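[1] okay, predicted coordinates and the sequence, questions at the end:
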Amino acid sequence: MIKILGISGSLRAQSFNTSLLRAAVPLAGDGAHIEAVTLHGIPLYDGDLEQSEGTPAAVRALKEKILASDGLLLVTPEYNNGVPGVFKNAIDWLSRPTPGLPDVFRDRPVAVIGASPGGFGTIMSQTHWLQVLRTLGTRQWHGGRLMVSRASSVFGADGAVQDEKIVAQIGDFVQGFAASIAAAKPA
């Protein structure tokens with residue numbers, strides 16, 4: 001079973017990106033499972049806090065989930081044509097050394113998707129993630145792109161995807177990502 005940890009980069013209860021992640025979970029296909037999490041509880045990165053108290057419990061818990069996964073799916077909003085601060089902050093915490101835990105990013109398969117109310121999806125945010133993920137030494141999956149634009153017309157009031165074409169695109173994307181992880185796993 002391929003285990004993918006999906007992280008929504010938004011804290012909003014009615015987030016399009018959390019809805020996108022929830023839509024991806026049942027579409028992972030046979031042999032794959034996506035666990036969906038949010039960034040709630042991750043404090044602002046503070047080197048003084050890190051030095052005096054160590055890694056916060058919420059950060060350690062998320063690191064352990066990443067380490068238990070085979071791949072990481074970042075579901076990113078786009079704010080002001082870039083990576084949302086809350087998401088980048090979490091990645092900054094996760095990239096810090098934690099006693100007793102290995103690096104969570106080095107050579108980890110990572111894919112990025114996102115949804116936006118605008119007409120360009122999350123193209124700028126996803127592009128910004130490329131340099132961050134390269135710096136962290138991840139194994140970025142480039143087998144597809146998924147940028148949901150005009151999200152207010154794609155997701156219903158309950159957060160469900162209303163457009164079957166988008167459902168098919170989500171399924172194709174996450175199944176392709178899971179297959180790439182499976183193909184790269186040692187026998």
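    On my side now, so go ahead. Residues are numbered from 1 along each chain as shown.

[2] ok now stretch 80-100, how far from the chain's centre?
    Distance, stretch centre to chain centre, for stretch 80-100: 12 Å (CA atoms, centre = their mean, to the nearest Å).

[3] swap in stretch 134-149?
    Computed by CA atoms, centre = their mean, the separation of stretch 134-149 from the middle of its chain amounts to 10 Å.

[4] how far does that stretch stretch from start to finish?
    Criterion CA to CA, to the nearest Å; first-to-last residue distance in stretch 134-149 is 25 Å.

[5] please name the nearest non-neighbouring residue to residue 175.
    Distance criterion CB to CB, 6 or more residues apart in numbering; nearest residue to residue 175, sequence neighbours excluded, is residue 29 at 4.1 Å. In short, each C-beta sits where N, CA and C put it, glycine included.

[6] from residue 125, how far out is that neighbour?
    Taken as CB to CB, to the nearest Å, the spacing of residue 29 relative to residue 125 amounts to 26 Å.

[7] among the two, which residue is more densely surrounded?
    Comparing residue 29 with residue 125 by other CB atoms under 10 Å, the one with more neighbours is residue 125, at 26 against 17.

[8] can you mark which positions in the host helix or strand of the more buried one are buried?
    Taking DSSP states H and E as the criterion, residue 125 maps to helix 123-136. By neighbour count, and taking 16 or more other CB atoms under 10 Å as the criterion, the buried residues in helix 123-136 are 123-126, 128-129, 132-133, 136.

[9] residue nearest the centroid of the protein?
    residue 74 (1.5 Å; CA atoms, centre = their mean).

[10] what helix or strand is the nearest residue to it once chain neighbours are set aside on?
    In space, and not counting its chain neighbours, residue 74 is closest to residue 112: 4.7 Å by CB to CB, 6+ apart. With secondary structure defined by DSSP H and E, residue 112 is part of strand 109-115.

[11] could I get the average pLDDT for that strand?
    Mean pLDDT, taken over the full extent of strand 109-115, equals 98.

[12] number of nearby residues for residue 150?
    Applying other CB under 10 Å, I find that residue 150 has 14 neighbouring residues.

[13] tell me the contacts of it?
    117-119 (CB atoms under 8 Å, 6 or more residues apart in numbering).

[14] and the pLDDT at residue 46?
    At residue 46, the model reports a pLDDT of 95.
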